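>>> Got a sequence here, can you build the structure:
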Amino acid sequence: MLLVNVRLAVIGALAISMAGPANCRPQALPSRSPIVVAPDLPRGTPLPVSTMPVSTIPVSSIAGRDDDARVARIAFRLARAGRRHCPELEPDFGLVLQHLSQFELGDRPGMIAGHALDRGPGVIVVVPGSPAATAGLRPGDVLLAIDGNALPAETALSVPFDAARAHARADMVLDMLTHTGTGVSTISLWRDGVVSTVGMAPLPACPSRVHLARSNQRNAYADGRHVFLTTGLLARLRTDDELAFVIAHEMAHNILHHATIMRGSDVKHGLGRTLGRSGRIVRETERAADARAGDLMIDAGFDPVAGAGVLDRLGGSGLGIDLFAAHDSAASRIAAMRGVVDARRVR
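The predicted structure follows:
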């Protein structure tokens, strides 16, 4: 699974342009830093090129990005193990990238000096056991080209952060990676002042780009292609089962095309969203997402009942968590997870 480190303003911008499925709706988050992509092949004197062997060094994340690594690890595990429940698959590399345009103007010089992000998107997490890890990629590497095609240079880096431009840019780079197919692709990268190449073969997985947004708000939602959760919510999740439940539920919305269903059904906004026909559709999609999430979790080795226990502890929308609004009660949802587990035991 390819993940992008999402900065705060992105969620607010996306909330304007998309209708989140069911009631896992986006909230406008405060803007402080940003998201998108930044490539440029090395400048100046040509540098030596080497072909790198498979790394035997443990790979995880750059300093300070443990939360990103945790989310990436669980998202990758769900997407790979649960792929039989996904009618459509896409190539998965097990990477988290960061981009120069994700940062405010004042922070960009430091990111150029410390991480060479003016040359391209930087790797901040490599999921252990993923194609990226097998290929020898490491946190701190900077991607330059894919199969000899240079990642297009990012523009407008001297202007203030723009969430829409940043998000579109990040998706463009991820699209270039996923469109390589399932064969081995040659990735050119910058490491320690040297241009190197690795061969990387992705694995098929459920499609869903999972993003961690830095915000004290407690929220998670899906837009049909992406999954977003905040650090504020992540901090309240005590176990990997709980985090897997949140990610799997939102992934399920995307897998089941609930965003398209909601738009095509003219589901109302505001208070009308939970009433009448709109309310019935919302609750039906939420139940379907829970059921599919349970299957994804079981296949990935997580406990759906333990994971759903977070619903009871956090208390739903009464704590301002949009993730749990317009769903069935916590007790009903936990009971439904027990039903999913029991049904799998019978098979």
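>>> now the strands for the protein?
2-6, 49-51, 90-92, 95-98, 122-126, 142-146, 149-150, 185-191, 194-200, 203-205, 209-213, 220-222, 226-230 (DSSP state E).
>>> what's the least confident stretch among these?
If the strands of the chain are sorted by mean pLDDT, strand 49-51 sits at the bottom with a mean of 33.
>>> Show me the shaky parts of the stretch 151-300 of the chain.
Under the criterion pLDDT under 70, the flagged ranges of the stretch 151-300 of the chain are 181-182, 262-279.
>>> now do 90
152-170, 177-183, 207-208, 213-215, 258-285 (pLDDT under 90).
>>> nearest to residue 161, of the strands of the chain?
strand 2-6 (12.3 Å; CB to CB). C-betas here are computed from N, CA, C, even on glycine.
>>> Quick check: closest non-adjacent residue to the residue most central in space within the chain.
Nearest residue to the geometric centre of the chain (CA atoms, centre = their mean): residue 210, 1.1 Å. Excluding its sequence neighbours, the residue lying closest to residue 210 (CB to CB, 6 or more residues apart in numbering) is residue 75, at 4.1 Å.
>>> What about the one you found, how many residues nearby?
Applying other CB atoms under 10 Å, we find 32 residues neighbouring residue 75.
>>> Please apply the same query to residue 105.
Count around residue 105 with other CB under 10 Å applied: 11.
>>> need the contact list for it.
Counting by CB atoms under 8 Å, 6 or more residues apart in numbering, residue 105 touches 158, 159, 160, 161.
>>> now the first one: how far from residue 302?
Going back to what we said before, that points to residue 158. For residue 158, the distance to residue 302 equals 45 Å [CB to CB, to the nearest Å].
>>> Which one's more surrounded, these two?
Per other CB under 10 Å, whichever of residue 158 and residue 302 has more neighbours is residue 302, with 25 against 7.
>>> For that one, list the residues it contacts.
78, 240, 241, 244, 245, 248.
>>> cool, and residue 246?
Residue 246 neighbours (CB under 8 Å, 6+ apart): 220, 229, 233, 237, 307, 310, 323.
>>> What's the separation between it and residue 215?
15 Å.
>>> ditto for residue 202
For residue 202, the distance to residue 215 - CB to CB - is 30 Å.
>>> Then residue 342?
Residue 342 is 37 Å from residue 215, by CB to CB.
>>> With residue 170 instead?
In terms of CB to CB, residue 170 sits 17 Å off from residue 215.
>>> Neighbour count for these two, which is higher?
Shown here are residue 170 and residue 215; by other CB under 10 Å, residue 170 has more neighbours (29 against 22).
>>> Now do the helices in this protein.
8-17, 66-81, 108-115, 131-135, 163-178, 231-234, 240-255, 258-264, 276-299, 304-314, 330-346 (DSSP state H).
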